[in-house]
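# sequence and predicted structure below; questions after.
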Amino acid sequence: MMQNDQISKKIADHPLRSAAAVFMAGALTAGCAQEAQEPVPNADRPNVIIIYADDVGFGDVGVYGSELIPTPHLDDLARSGMMMTSSYATSATCTPSRYSLLTGEYAFRNERAQILDGDAPLLIDPDVITLPDLFRQADYRTSIIGKWHLGIGEGDVDWNSEIKPGPLELGFDESFIIPTTTDRVPTVYVDGYHVSGLSPADPPLRVSYRERVGELPTGRSHPKLLRYPADGQHSGTIVDGISRIGWQDGGQSAWWNDEDMTLLLAEMSRDFIRENQDQPFFLFFSLHQNHVPRAPHPMFHGKSETGLRGDHTVELDWAVNEVMTILDDLDMRENTLVIFASDNGPIFDDGYDDGAIEEAHGHPASGPFRGGKYTAYEGGTRLPFIVNWPGVVSSGSVSDAMFSQVDLMASLAELIGVSLPKNAGPDSMNLLSALLGHSETGRPHVLQQGAGTGYFGLRKGDWKLIPASNRPAFANNKHNSRSNPLSTTMPASDNDYLFNLAEDPGETTNLAEQYPEIVEELTELLNRIKQYPDRVLISEMAE
C-alpha cells in the first residue's frame, strides 16, 4: 500500500514520455493555467463515485432516447442532475478508454494500450501518476470494484499465489476486480493480491491464451453445452454454459457465476460506501454491462423489449439504483458527486449469437449517431454522461459542452484541492466548471480513437475529420454489416471524411472535397496532438 509521501515522490519524479513535450510544457507553463473555477458549494472534500458502464451507447439510456430499454434509475439520476450531450470516451474500445480515464493521457501515446488478453502484464507503469493517486494525496479512501482490463502482474501470472503489481500499486487502497473482460479467462475475481475463493483443495488454476490447458469442454469440442453459439475466437473453455476467449483449468471453486456477478459487485459497492461514510472516499464502480457475454440474472429476463442485450442494460440500471439508495439511506447525497459514463460505444454481435441483432427491433443503440464500438464515428465514443450532485449540479440541466473522459483527472484534482503537476495527466484539461454545469465552455476539440493505434477521428467545433489513411481494414466487417443495426451506409474509400455535425450528426455526407481548407486545418491539428500533450496545445491555442 503506497503512503502519501510515496505518492508525493511519484508526482515529483515522473517524467512525460516525450522530451519535446517536457520542453513545451516548461515553455508554456504560464499559458497552461486554467480559467478560475467558481467556488463549489458544500465542497468539503466531497465523496466521488464514478459508475463506469461497458459498451453502453448514447441511445441505450431512456433520457438519451431509448424507448425499448427501460432505465428509470439512470433517468432519475439525470433528472435530478445533469446530462451531457457532447461527452466522449477517448477510444471506441475498453482498455484504451480506461487507460485514459485513470492516467489523463491519450492511450495512443502508450503502444501497449490496446485490447489486452487476460494474462497481459500491468499496462500502467506504477510510477505514472493516476487519478486514484490524487485522491490518496487528498486523504481519500480509494476503491475499484468491477472490471479492470488494464493488465495485472508482470507476465506469466501464477494465479494461485500473490498477483502484483495491479490496482493497489496505482493508488487504490482496495480492489475487487474482474481482471479482464467477462468473455476472457480467467473467469475469477481478484481480491487485492489474490484470486477470491480459491480453495487449496482444488487443482491449481491454469490459464493460457496460447494453447489448450486441461481437458474441460470448450465451445469448439462441445458446442451443444453452450447457451448460445460462439465464434471461433470465443470458443475456448466453457464456464456457465458460455465459452470464452482462451483456456483455463483448475481452481473451479473460484470461478464466478455470470448471473450473480452484478448482485455481488453492487453489494460490495454498498459495503464500501457504508464502511467509509465517515471519511471522504473515491469509488470506481466498473460494471460489465453491456459487454458480451450477456447473462443477466433471471430477475431481469424479459424486462426490456430487445432481448438479452436490453435485459443486461436493465440490470445495469438496477445496480446504479443500489448505489444511489445506500447514499440516500446514509444521508450522503448532498456531499457525493456521482458520475455515470460508458467506456465506448455499443455493439450487437461481438462474438456470440445471443439474439441481439434479431431482437433489436429497431433499437438505435447509438442514438442519432453513426457507428459504434471499434469505430471513429460519433457512435463509437460519444456516449451518455450523467453528473449528479444535489445543490451543486442543477436538477434537470442539459449541457452540450464538449468534454472528454481524459479531462476527469485534471477536473477532479481541482475539485478536491490537489494541484495537478505539469508532468501528470498531459492530455487532461481542467473543465470542472463544465463538469458541474456552471459553464458551457468545454474543449475546443476532441480526439476519438477507434480500434488500434492509427485510427482516429477529430472533432473541432461542429467539424469532424476521419482521415482516410487511418481507417482499418475491418471498417466494413460484421460489426457494420447489413444485418447489424449499427450498419454504415458509406463504403470505405481512400478519401478523407469530413462531416458537419451540426447539420449532419449521423455523418452521412462527406464534405471533404467542398472544404479542403478545413481538412487541412484538422489534419494539421491531429498531427500536432500526436506529437505534443493536448493540455499544452489547447492552452497555446487559447493565447
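Cool, got the structure.
# hang on, isn't residue 216 packed against residue 243?
No - Residue 216 sits out of contact with residue 243 when judged by C-beta atoms under 8 Å, with a separation of 10.5 Å. All C-beta atoms are positioned from the backbone trio N, CA, C, and that covers glycine.
# hmm, residue 152 and residue 179 touching each other?
Yes - the pair formed by residue 179 and residue 152 meets the contact definition of C-beta under 8 Å, at 5.4 Å.
# what's the per-residue pLDDT of residue 483 here?
On the pLDDT scale, residue 483 is placed at 45.
# next: residue 379.
Listed pLDDT for residue 379 reads 97.
# ditto for residue 28
In this model, residue 28 is scored at 28, pLDDT.
# cool, and residue 468?
In this prediction, residue 468 has a pLDDT value of 87.
# residue 216 and residue 243 - which one has more neighbours?
A direct count of neighbours by other C-beta atoms under 10 Å for residue 216 and residue 243 places residue 243 higher, at 30 against 17.
# ok, the more buried one to residue 157 distance?
As for residue 243, its distance to residue 157 is 22 Å (criterion: C-beta to C-beta, to the nearest Å).
# what's the longest helix seen in the chain packed up against?
Among the elements of type helix in the chain, defined by DSSP state H, the one spanning the most residues is helix 307-329. For helix 307-329, the helices and strands in contact under the criterion 3 or more C-beta pairs under 8 Å, 6 or more residues apart in numbering; DSSP states H and E are strand 47-53, helix 72-79, helix 261-275, strand 336-342.
# just the CA trace of it, in CSV.
C-alpha atoms of helix 307-329 as CSV (Å, rounded to 0.1, in the frame of the first residue of the first chain):
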residue,chain,number,x,y,z
GLY,A,307,-33.8,-9.5,-25.6
LEU,A,308,-30.7,-10.3,-23.6
ARG,A,309,-28.8,-7.1,-24.6
GLY,A,310,-31.6,-4.9,-23.3
ASP,A,311,-32.2,-7.0,-20.2
HIS,A,312,-28.5,-6.7,-19.5
THR,A,313,-28.9,-2.9,-19.6
VAL,A,314,-31.8,-3.0,-17.2
GLU,A,315,-29.6,-5.0,-14.8
LEU,A,316,-27.0,-2.1,-15.1
ASP,A,317,-29.8,0.4,-14.2
TRP,A,318,-30.7,-1.7,-11.1
ALA,A,319,-27.1,-1.6,-10.0
VAL,A,320,-27.0,2.2,-10.3
ASN,A,321,-30.0,2.4,-8.0
GLU,A,322,-28.4,0.1,-5.5
VAL,A,323,-25.6,2.7,-5.1
MET,A,324,-27.9,5.7,-5.0
THR,A,325,-30.2,4.0,-2.4
ILE,A,326,-27.4,3.5,0.0
LEU,A,327,-26.3,7.1,-0.4
ASP,A,328,-29.9,8.2,0.4
ASP,A,329,-30.2,5.8,3.4
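# averaged pLDDT, stretch 450-465. What do you get?
Summarised as a single mean, pLDDT over stretch 450-465 is 94.
# do the same with stretch 274-284
Stretch 274-284 shows a mean pLDDT of 98 in the predicted model.
# now residue 186. Nearest residue, chain neighbours left out?
Excluding its sequence neighbours, the residue lying closest to residue 186 (C-beta to C-beta, 6 or more residues apart in numbering) is residue 207, at 4.8 Å.
# shouldn't the one you found be in contact with residue 159?
Yes - applying C-beta under 8 Å as the test, residue 207 and residue 159 come out as touching, 6.1 Å apart.
# in the protein, which spans are helices?
For the chain, the helices identified by DSSP H occupy 4-13, 19-27, 72-79, 94-103, 131-137, 261-275, 307-329, 378-381, 408-415, 432-435, 516-531, 534-542, in order along the chain.
# now do the first one, average pLDDT.
Same thing as helix 4-13. In this model, helix 4-13 has a mean pLDDT of 45.
# what's the answer for stretch 308-323, then?
98.
# returning to what we had before: shared neighbours of residue 216 and residue 243, anything?
Both residue 216 and residue 243 are in contact with residue 237, where contact means C-beta atoms under 8 Å, 6 or more residues apart in numbering.
# got a list of contacts for stretch 333-340?
42, 44, 46-51, 53, 74, 77, 81, 320, 323-324, 327, 384-393, 408, 415.
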